[in-house]
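> Have a look at this prediction, sequence included:
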Amino acid sequence: MSFPLIAVVGPTGSGKSSLALELAERFSGEIVSCDSLQVYKYFDIGTAKLTTAQQRGIPHHLIDIVEPDQLFTAGDYARLGRKVLENVRLRSRLPIVAGGTGLYLKALLEGLFEGPQRSEVLRKRFQRLAARKGSTHLHHLLRRIDSPSALRISPNDKSKLIRALEVFFLTTKPLSLHLHGGRDPLKGYTIFKIGLNPARSLLYQAIDRRVEEMFNVGLVKEVEALQAKGYPFQLKPFQSLGYSQTVAYLQRKKSLEQAIAETQQETRHYVKRQLTWFRKEKEIQWFYGFGSDATVQATVFRQISEFIRDTPVRVEGTQSCLHLEKALTEEDCP
């Protein structure tokens, strides 16, 4: 029998974690993070990791699993993620994949192509080019040969830019075309994809508040502590939103106000890239509000209750509607 799997996707700040928590509580689920930065230990504030208390006793997977100086790819995520899904299924719990890294979700559900081996010669050339002209120059180059990949990859993400360029020059085909084909799709699951897309103006306001809060609660101190542990600023996680701006502040290249403003602006740009990616994904059911909105949650709960009906998922020891009272109103029960 095919097993149900929920995926909660959407842009940064749309409330994916809030909705995933509510779904997990009401439908006996476990959460599988789909975030390319939350896999790294010690990078907490800038990645909006939930604290242990905020997780509310619900199992969370694929968070804090690698050291900051370890290489971790979408292929690694897919391999580990599928093992986690199988373990969740064996416990008859509902797997809820939640996060905004579209490539990781695609790797998990559809598989990835077997890419060419790394070319150290090409990589060194691109590294030198970036050193002379900046990573934004690599982004401009990628945009000319592979605009879909340029849309989803940040101009600051040098490692991903180099890999995308490397794939093109080694295969003469853009990375986006390779990814479109996919390989080895996930089998044995029926997938319900939930997309969150709040009003853009409200989302941007939420992002601005979230960035300010990140800096207020200690993002700078977190980065200083990472530096004290001996992690160099050249590592991949430091190139991400919030962290790269904090590094620039600590290196006295930006004021704190500039770092905050730039993080807010770049996060808004990232939101646009995320939405562009997810709008191309198949069979996403969009909800036009935040995941924390009671109206959105109620609608999602009704649809999920129908989706998991007559499946092996164990909800509080039974699949009876009487045991879904947290998720549904009495009128919803037959």
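Good, I have the coordinates.
> Let me see the ranges of the helices in the stretch 101-250 of the chain.
All helices of the stretch 101-250 of the chain, identified by DSSP state H, counting those that start in this stretch, fall at 102-110, 120-133, 135-145, 147-152, 158-171, 175-181, 200-216, 219-228, 243-250.
> for the longest one, packing partners?
Contact partners of helix 200-216 among helices and strands, from 3 or more C-beta pairs under 8 Å, 6 or more residues apart in numbering; DSSP states H and E: helix 256-279. The way it works is simple: take the backbone N, C-alpha and C, and place the C-beta from them, glycine included.
> could you check the angle helix 243-250 makes with the helix it packs on?
170 degrees (axes from the mean of the first three to the mean of the last three C-alpha atoms, to 10 degrees).
> Neighbours of Ile31, how many?
Residues contacting Ile31 under the criterion other C-beta atoms under 10 Å number 28.
> In three-state terms, label it for me.
strand (DSSP: H, G, I helix; E, B strand; the rest coil).
> got the contact list for it?
20-21, 24, 58-61, 96-98 (C-beta atoms under 8 Å, 6 or more residues apart in numbering).
> what about the stretch 151-300 of the chain, any weak spots by pLDDT?
Across the stretch 151-300 of the chain, the ranges flagged by pLDDT under 70 are 181-182.
> and the helices of the stretch 101-250 of the chain as CSV, adding distance to Ala259 and mean neighbour count?
Output for the helices of the stretch 101-250 of the chain, formatted as CSV (distance: least, C-beta to C-beta, whole Å; neighbours: other C-beta atoms under 10 Å):
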stretch, distance to Ala259, mean neighbour count
helix 102-110, 26, 23
helix 120-133, 21, 13
helix 135-145, 18, 17
helix 147-152, 24, 19
helix 158-171, 19, 20
helix 175-181, 31, 18
helix 200-216, 8, 16
helix 219-228, 9, 16
helix 243-250, 4, 22
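> out of these, nearest to Gln54?
Each of the helices of the stretch 101-250 of the chain has some distance to Gln54 by C-beta to C-beta; the shortest is helix 200-216, at 13.8 Å.
> Which residues does that closest one contact?
So helix 200-216 is contacted by 11-14, 45-46, 48, 198, 242, 246, 256, 259-260, 263-264, 267-268, 271, 290 (C-beta under 8 Å, 6+ apart).
> Just the buried residues from those residues, in ChimeraX please.
Of those, the buried ones can be selected in ChimeraX as follows, counting by 16 or more other C-beta atoms under 10 Å:
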select :11,12,13,14,45,46,48,198,242,246,259,260,263,264,267,268,271,290
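> which of the contacts of Ile31 are buried?
Among the contacts of Ile31, the ones that count as buried by 16+ other C-beta under 10 Å are 20-21, 24, 58, 60-61, 96-98.
> related to what we said a few turns ago, just send the helices of the stretch 101-250 of the chain back as a markdown table, with distance to Ser36 too.
Shown next, in a markdown table, are the helices of the stretch 101-250 of the chain (distance: least, C-beta to C-beta, whole Å):
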| stretch | distance to Ser36 |
| --- | --- |
| helix 102-110 | 6 |
| helix 120-133 | 20 |
| helix 135-145 | 17 |
| helix 147-152 | 11 |
| helix 158-171 | 9 |
| helix 175-181 | 15 |
| helix 200-216 | 18 |
| helix 219-228 | 17 |
| helix 243-250 | 13 |
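> out of those helices, which comes closest to Thr190?
When the helices of the stretch 101-250 of the chain are compared by C-beta to C-beta, helix 102-110 sits nearest Thr190, at 11.6 Å.
> Report the inter-axis angle for that closest one versus helix 158-171.
Here the directions of helix 102-110 and helix 158-171 differ by 60 degrees (the same axes, to 10 degrees).
> now helix 102-110, how far from the centre of its chain.
Computed by C-alpha atoms, centre = their mean, to the nearest Å, the chain-centroid distance of helix 102-110 equals 10 Å.
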